[in-house]
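Engineer: Fold the following and give me the result.
(2 chains)
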Amino acid sequence: MIEIKDVTKYFDSNCAVNHVTLSIPEGVMFGLLGTNGAGKSTLLRMMAGILESDSGTILLDSEPVYENPLCKEKLFYLPDVPYYFPNSSMEDMIRFYRRNYPGMQRDSVSCMAGQLNLDMSMPLRTFSKGMKRQAFLILALCSGTRYLLCDEVFDGLDPVAAEIMKGLFREEMKERRLTVIAASHKLRDLEDLCQHIGIMHKGGMMGDGSLKERAGEVTKFQCVFQAKGNDAVKEGPLERQQFAEFLGDTFELLFYVREGAFTTLVIRGDKEGAAKRLKEKHPVFLGEMPMTLEEIFIAEIEEAGYDIRKVLQQMV
Amino acid sequence: MISVKYFSKWFKEAGRGHVTAVFSWGAFLVYTVFTLLELSVSAKECYAGIGNDSLLKLCIVLGITVAAAEYWYLHQPAKLDFYYSLPVKKGTVFWSRYLHGIVHVFLPLTVSLAVLSVYGGAKDPEFLLCAGSYAVRSAAVFFAVFLMFYHMTICAFLAGGRLASVLLLDLLAGTAGLVVVRVIGTVYAEHFFAAYYRIPAFERLEELLAPGTLAETLAGMNVYERQEVLEYVPEGRVILAAGFWILLSGLLSAYLQKKRKPENVGKVFAFPGAYRVVSFFAAVLIPLSFVSLLLEVTEIPAQGNVGAAVLTAVCLLAGILVHFLAERLYLGGRKWQMFAEGIVVCLVVGGFLAGADSFDHEIPEQEELRAIRICVNGLNMSYKELEENETKGDSYGTDSRLSQYRFTEEGLTEGLKWAGALAEKQEDKGSIEESQYTFAVVCYEGKDGTEKYRAYPADEEEFQAFSSVFDTEEYKKLAYPALTWTDVGDNRFTWRDGVCGQVLPLSKKEKEELFLIWQEEVRSLKMDDLKTAAPEGILEMRSERWGETQRLLIYPFFEDTVSFLKSHGIETGKDLLDYPVRSLDVRSVRPAGKNRVGGAVMKHYETEEELAGWKDRLVWEELDWQPLLYPLRYEEEIEIEAEDPASGALTEVRCYQK
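Structural biologist: The predicted structure follows:
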């Protein structure tokens, strides 16, 4: 378990991480989301023991990480631009990592590299950006550590490679209860993989927790309304406000968008009651849709007083 | 606590790329091969270790480059993140690299010195006797030199955030001491102190503050005699200074590596303190150096209230300017620092001003002195040396005279009186440059081992007053070292007057008799006597036993000596024109006047009539020994081509006109 308690980090007078408190249970994939400069990488570097926090503590299995080699043997940090020795190949990097991570499995690396058609004897400098990313994700997965810290985890991967990598992540997490903390500024990268998530903005943690718990009281509806009649919904700038007023105090409209005939609504409150209320508008079609990560967190974030749409706009 | 497991693992890791190993072993291989070649050609003139300038430079360069190779990662953010994310302490990475660098210099150094010492011993049996200890001492000395620069560069790599600032810090550490002592201290002393000749404390300070100078002293670069070089062990204070540098920079490195934050890579300095130190030094040293430049190139008088005020004001203004420039370039202003810089600048300039009077007029009591050393420029020296000797330090001629004329007895009493009189009158005469006559350099040697050097201007009257010292027995012994010789019967005596070199056909007893006569006449010699005539010739006395030669000047007023020589067939007092002279060339150099170049006139004489006109007018250059007491016409350089009748050889003799 990783416990982050009231951690603050300043770069000169700029507060990069501001009193962040967070608990990451074992065996989950934790998505650390945020815009550029939100403090994700700094928090990740502190969790990896690279940077020392100015205040607060970071504990990995109840032990401080910073300057603690025994503790750091349990984690593998993969930065957004991985470092490799000049002219080294994947084979060379395996040999190097093996000296530092005794659990490093060469055969697993070889197997995964085969799935992705990576030549382990070729110098890494000859790999494309995406291939390098794949190579290091494989090395990270096969390091045998219990914790994996990845910055911009699937950045640069094509959709096929990204899906294969996600599959490999799922397998590893299932097989050996691997805990992954993945920082990204792209919600879509983590949407189908993360069970837990934390959003950072301007150094602060805006919200975190289990997706299932968060999704409990929020429902996404997709509707088609009649175009004519008294119950018709008129198009215009006041459309969202009209809907909010229609739903009243019992239900809270969190998200509203109209694309052609389809209207998408995210509503907080009793799922059945909300559907009943919407039916009063006599929709031609009313259906419940699966929630995206973005939609789930809107409620929590907006409560914190942030203009979350602006934040999310940059993350999607 | 760094575990052995991690350390050995990271020691191997430090060797990745083999940059240090290839560079260090390669450099020592090249050095060994070239020195072996040199030893094979001239084993007696080549030093494999101590005394070898190339090895000194190699160790300095290795100290800097090996540190750069080992600690380059401190300036690579990606590599730094990579290393620090691994299960290892920052200290393990740092110290394993530190040790890796040391091992890859110490091993090739010792191997190289061992090989060269064995080969040198085989080539030179004298060296064989001390080859082992020489190799060990050399290894210790050059390893210390390497460590000084290695630690210094590591500090710079830790404190600097960018490579440019690393270079700046390394340069500052390497040269700040030189600037303080040579550019500021010495130049200020030259201009503020009228009696300045040299200050030994500055030389010691330079050894302490300037690692380059310290390394030279440590490696025996200032020792010239072969035997002394082979047996050289640095003085205790030099070893202490080197130890201080190594320890201080080592401890500083250890502290900085602990405190250095990876996020500061890319900033100008990794520590705000480093910026403060650099800006402080810049704001103090640059203005003080600027004033040094002003003193050297302008006529601003340092010895006077107006000049002092101008210099202080210029210094302060320059300091403020540098301070603001530095703040503008890097951080916001801190007023206390500017005040501190201003105070230091004022203290330095004010210190020199305030100390000038006591420096110029200080005369130690005789009880405090162990000896006094005096060099009177123009006494017992040629005109050429008189012209070459400088009033401001580091003059070989003056220094050698000072070591020759060291008085501890009656000369000390008389010399102190004479120097005291010069010092008292110092204020009336101003600086030496204004004096038209000559100057004297005095070194007061204290009983505690301190040395105080002073240079005083002397007019003709004061110069003549030196006779009180000249006429003492102690002065004679120092000026004429042959006076202390005994048992000269076996020595070879040769008479030289510029053309002939005649070996005296004397028996052992006659030689002893001649020497006794000469000694008596030298003892009774007065300074005033030297005004009457130039020497007639030189009696060269060579001891076959000791391999030493003394040249006894024979003046015409040494009547007994001259008469003895004449009675034994030596033609003393023979004029150069008494020999068959083929030609005489005169080169006169005179100022050609304002806005004109040239001024050299060459004249050639060869007819009997022309040459006859030069009779009794020429003095052999070697006999010009009192340019102030018996001056010759130095504006003319004369050369004659004369024939030695005994051998028939043609000789070119350089001389002056009386």
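Engineer: what's near enough to touch residue 46?
Structural biologist: Reading this off chain A. A:7, A:9, A:17, A:52, A:53, A:58, A:65, A:66 (Cβ atoms under 8 Å, 6 or more residues apart in numbering or on different chains). Yep, even glycine has a C-beta here, placed from its N, CA and C like the rest.
Engineer: Can you look at chain B instead?
Structural biologist: Contacts of residue B:46 by Cβ under 8 Å, 6+ apart are B:35, B:38, B:39, B:52, B:120.
Engineer: host element of the first one?
Structural biologist: Element membership of residue B:35, judged by DSSP states H and E, is helix B:19-41.
Engineer: near chain A, anything from that helix?
Structural biologist: No: Helix B:19-41 does not reach chain A (Cβ under 8 Å from any Cβ of the partner chain); its nearest approach is 11.0 Å.
Engineer: That helix: which residues count as buried?
Structural biologist: Using 16 or more other Cβ atoms under 10 Å in any protein chain shown as the burial criterion, the residues of helix B:19-41 that qualify are B:19-21, B:23-25, B:27-28, B:31-32, B:35-36, B:38-39.
Engineer: would a markdown table of the residues you listed with pLDDT be doable?
Structural biologist: What follows is the buried residues of helix B:19-41, written out as a markdown table (pLDDT from 0 to 100):
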| residue | pLDDT |
| --- | --- |
| B:19 | 85 |
| B:20 | 89 |
| B:21 | 90 |
| B:23 | 91 |
| B:24 | 93 |
| B:25 | 94 |
| B:27 | 95 |
| B:28 | 95 |
| B:31 | 95 |
| B:32 | 95 |
| B:35 | 93 |
| B:36 | 92 |
| B:38 | 90 |
| B:39 | 90 |
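Engineer: Out of those residues, which is nearest to chain A?
Structural biologist: residue B:19 (11.0 Å; Cβ to the nearest Cβ).
Engineer: Quick check: phi and psi on the closest residue to the closest one other than its chain neighbours?
Structural biologist: Excluding its sequence neighbours, the residue lying closest to residue B:19 (Cβ to Cβ, 6 or more residues apart in numbering or on different chains) is residue B:69, at 4.5 Å. Backbone torsions of residue B:69, given as degrees, to the nearest 10, read phi -70, psi -40.
Engineer: And residue B:288, by the same measure?
Structural biologist: Dihedral angles (degrees, to the nearest 10) for residue B:288: phi -70, psi -40.
Engineer: Where do the strands of the stretch 1-150 of chain A begin and end?
Structural biologist: A:2-11, A:14-24, A:29-34, A:55-60, A:63-64, A:75-78, A:147-151 (DSSP state E, counting those that start in this stretch).
Engineer: Against which helices or strands is the third one packed?
Structural biologist: Spelled out, that is strand A:29-34. Applying 3 or more Cβ pairs under 8 Å, 6 or more residues apart in numbering or on different chains; DSSP states H and E, we find strand A:29-34 packed against helix A:40-47, strand A:179-184, helix A:187-191, strand A:196-201, helix A:308-315.
Engineer: Dump the strands of the stretch 1-150 of chain A into TSV; add mean neighbour count and mean pLDDT as well.
Structural biologist: What follows is the strands of the stretch 1-150 of chain A, written out as TSV (neighbours: other Cβ atoms under 10 Å in any protein chain shown; pLDDT from 0 to 100):
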stretch	mean neighbour count	mean pLDDT
strand A:2-11	17	92
strand A:14-24	18	89
strand A:29-34	26	85
strand A:55-60	17	92
strand A:63-64	13	92
strand A:75-78	26	93
strand A:147-151	25	92
